[in-house]
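Peer 1: here is the input, now give the coordinates:
(3 chains)
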Amino acid sequence: MKSTRDYDSSLASSILAYAERLVGRSLREALDDLPPTIDFSSNKGGFGTVLERHYFGYEPNSRPEPDFAEAGVELKATPLKHSGSRLISKERLVLGMIDYMTVVTEEWESSSFLKKNSHLLLVFYLHEQGKDPRDFVIKIVRLWEFPPEDLEIIRRDWQTIVAKVKAGQAHELSEGDTLYLGACTKSSDSTTRRRQPFSAEAAKPRAFSLKQSYMNTVAQGSLGMKSVAVDEVVRGRPLEEVVASRFEPYIGKTADEIADIVGLKAKRHAKNFYAVLTNRILGVGDKDKIAEFEKADIQVKTMRLLPSGRPKEDLPFRAFDYCDLVQQDWESSDLRGALDKRFFFVIYQLDRDDAPTLVGTRFWTMPISDIEGPARRCFDETQSRIEEDKADYLPKKSENPVCHVRPHGRDSRDVIPTPTGGLACRKSFWLNGSYIKNQLGL
DNA sequence: GCATGATCATGC
DNA sequence: GCATGATCATGC
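Peer 2: Sure, this is the predicted structure:
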């Protein structure tokens, strides 16, 4: 394979050794001859640019070959942030623009993606708001080669993205389409569009990127996680298929029967009963996270259907802060970010006595047209009503086919400030149960 | 029966 | 103590 032939491991090791000297230091500390007048503000990737130019001594470029061409190694600087007591990845890692016109002519094995990104030299630095990037401290340096089970999923992701472009649907790409490798939007303003080869519809510019959730596990390892499908995935079976097959033997059984079989003692009315049951079915400890789901940022949800067939509950998202919400742009909003994920539903049918029977599982991604249509309208409407001091009258379920706004606080006294100076009870966006049911074909 | 409002359980 | 995910209760 070309990508491996082009990799020179001894050269890579010496580059790594040189890079490792950065750990625990900032660029200012590492470089005595750092020019005092670097303008970081003009360039979001300022840290990476300085790292390339002043530490590694080459000009930043966007050539198709890896940055260290002789070693076959691509340099990537990527930020971390604090999350409680630990460090997590601050954002996704962009691995090159998707050229819609040429990517459709490529094969995975010889793809420009693989050629450039098979071996990454990752420099993780701690990003701190308001700090001069020269003072960001480098925390982790590592040479990264994708483990075979991950590379297999990434191969499928790449093919999913390319297939969509081939089908003339580049404008319908969504990060939720794929697991580890996403097609993230990439342009300075949200109105930019590019041609695509098999449709007259212009599409947003997008780049191949490793999801933030994936980067987390690269940075901190898979602590507290357990893989559920390494062997099957390496043999080429899609993760979704493996997961579905794990549930297969339990379909038609009640939750209590399943709990018995998997040795779960917890009561059905414990609020985390279904979450633990899902873990058990997948062969994962009660407190473990499912590694593949963590890396792909898959949202596991239980859906219970009433005897009538309609969903028992709508699906809530995190409560929002009114003042923060009115400041958000739709494109980068929390709501949009929550909607373009991949979901995994475990579906139970309730009988007249409220006993749940497992009827199936589904992976699902919300269609872009629903995100940009009804969901966006709900968001815009919510923003404008809050601004008009009508935080108590936000879009109801009956107003929107896809989502609505409802209380989501400790209790009715759980009120928070609104930008107009008032107080309103804590609320969140909810996906309408009826919408999900239709989407899942139930 | 359904939409809307209210509240609970768990883990960090 | 609170965020987060999940579920219950009420009134039309």
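
Peer 1: report the closest residue of the stretch 101-250 of chain A relative to DNA strand B.
Peer 2: Distances between the stretch 101-250 of chain A and DNA strand B by C-beta to the nearest atom of the strand are smallest at residue A:224, namely 7.1 Å. Just so you know, the C-beta spots here come from the backbone N, C-alpha and C atoms, and that holds for glycine as well.

Peer 1: and for the stretch 51-200 of chain A?
Peer 2: Counting by C-beta to the nearest atom of the strand, the stretch 51-200 of chain A gets nearest DNA strand B through residue A:84, at 5.0 Å.

Peer 1: got phi/psi on that residue?
Peer 2: Note on residue A:84: its backbone torsions stand at phi 60, psi -130 [degrees, to the nearest 10].

Peer 1: same question, the one 5 residues further on
Peer 2: Main-chain dihedrals, residue A:89, degrees, to the nearest 10: phi -70, psi 140.

Peer 1: next up, the contacts around the closest residue to residue A:367 other than its chain neighbours.
Peer 2: Nearest non-adjacent residue to residue A:367, counting by C-beta to C-beta, 6 or more residues apart in numbering: residue A:172, 7.4 Å away. By C-beta atoms under 8 Å, 6 or more residues apart in numbering, residue A:172 lies in contact with A:164, A:367-369.

Peer 1: test my guess that residue A:103 contacts residue A:165.
Peer 2: Yes. With contact defined as C-beta atoms under 8 Å, residue A:103 counts as touching residue A:165 (6.2 Å).

Peer 1: these two: which is more packed in?
Peer 2: Using other C-beta atoms under 10 Å, the more surrounded residue of residue A:103 and residue A:165 is residue A:165, with 24 against 20.

Peer 1: buried residues in the helix or strand encompassing residue A:164, which are they?
Peer 2: Taking DSSP states H and E as the criterion, the element that holds residue A:164 is helix A:148-166. Buried residues in helix A:148-166, counted by 16 or more other C-beta atoms under 10 Å: A:149-162, A:164-166.

Peer 1: so residue A:307 belongs to a helix, correct?
Peer 2: No. Assignment of residue A:307 by DSSP: H, G, I helix; E, B strand; the rest coil gives coil, placing it outside any helix.

Peer 1: how close does it sit to residue A:434?
Peer 2: Taking C-beta to C-beta, to the nearest Å as the measure, residue A:307 falls 16 Å from residue A:434.

Peer 1: looking at the two, which one has more neighbours?
Peer 2: Neighbour count, other C-beta under 10 Å: between residue A:307 and residue A:434, residue A:434 has more, with 14 against 11.

Peer 1: quick one: residues contacting the more buried one.
Peer 2: With contacts defined as C-beta under 8 Å, 6+ apart, the neighbours of residue A:434 are A:310-311.

Peer 1: now do the phi/psi pair for it.
Peer 2: The phi/psi pair for residue A:434 (degrees, to the nearest 10) is phi -60, psi -40.

Peer 1: what about it, distance to residue A:399?
Peer 2: 13 Å.

Peer 1: same question, residue A:206
Peer 2: In terms of C-beta to C-beta, residue A:206 sits 32 Å off from residue A:399.
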